[in-house]
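[1] what would the 3D arrangement of this be:
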Amino acid sequence: MQNTLKATVAFAGVGLHSGKPARMALKPAPAGHGIVFKRTDIALGNNVIPARWDLVERTPLCTKLVNEAGVTLSTVEHIMAALAGCGVHNVLIEIDGPEVPIADGSSVEFVRAIMKQGVKSQGVPVTAWEVVKPVTVEKDGATATLMPSGRFKIEFHIDFAETAIGRQSRTLDMRNGAFARELSDSRTFCRRADVENMQANGLALGGVPGENAVVFDGDTIESGAGLRHADEPVRHKMLDALGDLALAGGPIIGHYTGDKAGHALTNTLLRAAFATPGALRKVVCSAAQAEDLPGSGLVWDEIPHQAIRVA
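    The predicted model follows:
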């Protein structure tokens, strides 16, 4: 069944790239509403931004939404991943700034706050997108693919010159609260050279190594208390992919594979899938199908509570 929140969930913090403070409130919404953002700091004109794949302005650093009036909201991927991972389908998100607060660089603070407040069923079946035939997109040696599968799976491969990252691969069946348990606490990461370049161009102004981002420099890791998982980078890439795929407007039933992919390529994949006749089929989920979606089977005690240092 479709779900919404039992009550309003509030957050406050700064944006990773803009460094600007913002207050954000997640509010219950009726069945069929979907996930919609509202810029409350904009008083005139259209300040409503639906969380939709066709409103994404493709950029390499984050997922940025732009409505028909040109109103934008950046870095929506982590809150979108949290909502998808908690099985929340309908919510109004009011925010008074241009970028979603970065929190600790992962989705775990959002997940814990959502689940602490609670999720309620709305008695209306979930509509999902079933992948019927394969779709692949490629750019600059990176690929992203959607394949038919009876359940939603995410597979990811990364390969970085930094020895502290190297090549990492992971595949995860997203049933039974797997997102919250396995991926939600994995933080955003970047290379030291990238940080310096972004800051020189007025970006990453809210990034604090060890606090809301993991920074790699060769074989050195700047992450405060240490990595939360030995393969935290690839897990975060999977977190991002879930958030970006959640912009499809409903859960996906299929197998996503990303190889060196990023936000822009995953959105390009969604655009290609919706543009390819017969690639996706809208389905009203049966009770059995709904039980296989992310968020179903989520257990509070399995949500990560604090960072665990790994060697």
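[2] okay, helices next: where are they in this protein?
    With DSSP state H as the criterion, the chain has helices at 77-85, 108-117, 178, 192-200, 232-245, 263-275, 287-291.
[3] would you mind finding the most buried of the ones you listed?
    helix 77-85 (a mean of 28; mean count of other CB atoms under 10 Å). C-beta coordinates here come from the backbone N, C-alpha and C atoms, glycine included.
[4] against which helices or strands is that one packed?
    Contact analysis of helix 77-85 by 3 or more CB pairs under 8 Å, 6 or more residues apart in numbering; DSSP states H and E lists helix 108-117, helix 232-245 as its packing neighbours.
[5] mean confidence score for that helix?
    For helix 77-85, the mean per-residue pLDDT is 97.
[6] same deal with stretch 43-60?
    Average pLDDT, stretch 43-60: 94.
[7] could you work out the end-to-end span of that stretch for me?
    Stretch 43-60 has an end-to-end distance of 30 Å (CA to CA, to the nearest Å).
[8] off-centre distance for that stretch?
    The gap between where stretch 43-60 is centred and where its chain is centred comes out at 16 Å by CA atoms, centre = their mean, to the nearest Å.
[9] contacts for it?
    Around stretch 43-60, the neighbours that count as contacts under CB atoms under 8 Å, 6 or more residues apart in numbering are 34-40, 63-69, 71-73, 76, 80, 246-249, 262-264, 267-268, 270-271, 274.
[10] give me the buried positions along it.
    Judged by neighbour count using 16 or more other CB atoms under 10 Å, the buried positions of stretch 43-60 are 47, 49, 51-53, 55-56.
[11] farthest pair in those?
    With distances taken as CB to CB, the most widely separated pair in these is 47 and 53, at 20.3 Å.
[12] what backbone torsions are found at the closest residue to residue 160 other than its chain neighbours?
    In space, not counting the residues next to it along the chain, residue 160 is nearest to residue 166; the distance is 6.5 Å by CB to CB, 6 or more residues apart in numbering. According to degrees, to the nearest 10, the main-chain angles of residue 166 amount to phi 70, psi -150.
[13] ok, residue 166 touching residue 159?
    Yes: judged on CB atoms under 8 Å, residue 166 makes contact with residue 159 at a distance of 7.3 Å.
[14] what distance separates the start and the end of stretch 129-142?
    In stretch 129-142, first residue to last residue: 24 Å (CA to CA).
[15] give the buried residues for it.
    In terms of neighbour count (16+ other CB under 10 Å), stretch 129-142 has its buried residues at 129-132, 135, 137, 142.
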